[in-house]
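Q: got a predicted structure plus its sequence, pasted below:
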Amino acid sequence: MKNVSVQIVEMLFENPLEILELGKAQSHGNMTVIPIIYKGKTLDFISVKEAEDLGLISINETDTVSQLEVINNSDKQVLIPFGVTVHGGKQDRTIWEPILLAAGGKQNLSDGNKSPMEQKYTVPAKCVEQSRWNYREGKGFKSSNTRLHPNVAYAAISSAGQGSVWNEIQAYRTEMNYSNNIAPSQSYLEMTENIDKETDEIVNSFKNQENQCGIATFINGEFIGIEFYANPKVWETMNNDILKAFAIESLRFKDKSYKEVADQYDKHLIKALQKLKLNFSERKGIGLGEVVEFESKDKKWRGNTLVHENSLVQFYIVSKRGGSSSSDRQEQVFQTNISQRYI
């Protein structure tokens, strides 16, 4: 029998309108977004950015590149979304699965004991700054306003793939023709700062509607991804960062010719979701809930979601277009090198 969390995610692909309400499409240049209202159960949590602003959470370096330490002192559940990037430590990182931290610090989730226990979490991370291996401002991290654009996010979703992430960042650098003096440490965050003016113009052209929780995005008339949350207030906190990530994709393909979609974006979205042939897997989350990962059989789409109390806390899916085509062998070399850095 299929896991309940997997069944809920499958339902979204089989009949999207059972779970999502679609707003009126908005366009700017070659980018179109459909506002999403989540029809499932709204959950009470805050984003990592809000928790940081209130001084209720800290993210710190560990002795392992692929792990960070998070301490939650909030009296609310705190979501660290997939694709959040953090700046600091020995190199910038990204969190590669959605994590919902229990209120009041870590709790014993296995036996139902709800009293606060050890507040430290070890969370999985991947490097997004290849050539810096020293502290600049101590061991702490701060979440940035930069999310991963689809190709880098696609590489980060896999439980393997540090080398793939670096390869996609380098491919992005080449595509955007950045000079050598831009981001000399190969920091993805610094690279994206170079186009802030252009991405801000795109982001500011889109307006939220009431109760909006996310977006479905089209670039050059082609569906490329979705992100939404089970909480409209968290969407308000994160929406500019998410739009910026898709705006980067818009700039990657701004010179490509394409056929306009004649005001049927909602129908195209539903058909695209229903056509996907996906393989699903699930596992216990770092904090609350279960992580469900999915990948299309043609290897063009990847996504993940965190399911808690039968609600989709964060849902994310993107397709890979262009970018790196590195081999598995190259990736293994990258992973060997990164594991040696902290020995």
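A: Thanks, I have the structure now.

Q: and residue 312, what helix or strand is that in?
A: strand 311-319 (DSSP states H and E).

Q: tell me the average confidence for that strand?
A: For strand 311-319, the mean pLDDT works out to 98.

Q: direction included, what does that strand pair against?
A: strand 222-229 (antiparallel), strand 301-308 (antiparallel) (DSSP bridges).

Q: what are the buried residues along the following helix or strand past the first one?
A: Same thing as strand 222-229. Note on strand 222-229: by DSSP H and E, the next helix or strand toward the C-terminus is helix 232-252. For helix 232-252, burial by neighbour count (16 or more other CB atoms under 10 Å) applies to 232, 234-235, 237-252. Bear in mind the C-beta positions are built from the backbone N, C-alpha and C, glycine included.

Q: do stretch 297-317 as well
A: Neighbour counts over stretch 297-317 (16+ other CB under 10 Å) mark 301-308, 311-317 as buried.

Q: next: stretch 157-173.
A: Of all the residues in stretch 157-173, those buried under the rule 16+ other CB under 10 Å are 157-158, 161-173.

Q: between these, which sits nearest residue 214?
A: residue 157 (17.2 Å; CB to CB).

Q: now do the contacts for that closest one.
A: Residue 157 makes contacts with 82, 96, 293, 302-304, as judged by CB atoms under 8 Å, 6 or more residues apart in numbering.

Q: what does stretch 69-79 contact?
A: 43-48, 51, 54, 56-62, 80, 98-106, 119-123, 229, 234, 288, 306, 313-314.

Q: tell me the buried residues in it?
A: Buried-residue list, stretch 69-79, by 16+ other CB under 10 Å: 69-72, 74, 76-79.

Q: cool, and stretch 219-229?
A: 219-220, 222-229.

Q: quick check, pLDDT for the residue nearest to the spatial centre of the chain.
A: Centroid-nearest residue in the chain: residue 83, 2.8 Å away (criterion: CA atoms, centre = their mean). With respect to pLDDT, residue 83 has a value of 93.

Q: ok, now which ones touch it?
A: 94-96, 147-148, 153, 156, 245, 316.

Q: okay, those in JSON lines with secondary structure next?
A: Converted to JSON lines, those look like this (DSSP: H, G, I helix; E, B strand; the rest coil):
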{"residue": "94", "secondary structure": "strand"}
{"residue": "95", "secondary structure": "strand"}
{"residue": "96", "secondary structure": "coil"}
{"residue": "147", "secondary structure": "strand"}
{"residue": "148", "secondary structure": "coil"}
{"residue": "153", "secondary structure": "helix"}
{"residue": "156", "secondary structure": "helix"}
{"residue": "245", "secondary structure": "helix"}
{"residue": "316", "secondary structure": "strand"}
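
Q: any idea which of those residues has the most stuff around it?
A: residue 148 (29 neighbours; other CB atoms under 10 Å).

Q: ok, that one - contacts?
A: So residue 148 contacts 83, 85, 94, 128, 156, 188, 245 (CB under 8 Å, 6+ apart).

Q: quick check: phi and psi at it.
A: phi -70, psi 130 (degrees, to the nearest 10).

Q: next one: residue 57
A: The phi/psi pair for residue 57 (degrees, to the nearest 10) is phi -150, psi 150.

Q: please name the nearest non-neighbouring residue to it.
A: Leaving aside its sequence neighbours, residue 57 sits nearest to residue 51 (CB to CB, 6 or more residues apart in numbering; 4.0 Å).

Q: the one you found in helix, strand or coil?
A: helix.

Q: and the pLDDT for it?
A: Value for residue 51, per-residue pLDDT: 94.

Q: please report how far it lies from residue 312.
A: 21 Å (CB to CB, to the nearest Å).

Q: and residue 288, how many neighbours?
A: Neighbours of residue 288 using other CB under 10 Å come to 22.

Q: what is it paired to in the beta sheet?
A: Bridge pairing for residue 288 - DSSP bridges - gives residue 100.

Q: wait, isn't it in contact with residue 100?
A: Yes: here residue 288 reaches residue 100: they are 4.4 Å apart, a contact under CB atoms under 8 Å.

Q: quickly list what's touching both of the two.
A: Residues touching both residue 288 and residue 100 (CB under 8 Å, 6+ apart) are 77, 308.

Q: quick one, which of the contacts of stretch 69-79 are buried?
A: Judged by 16+ other CB under 10 Å, buried ones among those: 43, 45-48, 51, 56-59, 61, 80, 98-106, 119, 121, 123, 229, 234, 288, 306, 313-314.

Q: hmm, back to that, now for the buried residues of stretch 69-79, which pair is the farthest apart?
A: That would be 69 and 76, which, of the buried residues of stretch 69-79, are the farthest apart (CB to CB) at 20.0 Å.

Q: good, wrapping up.
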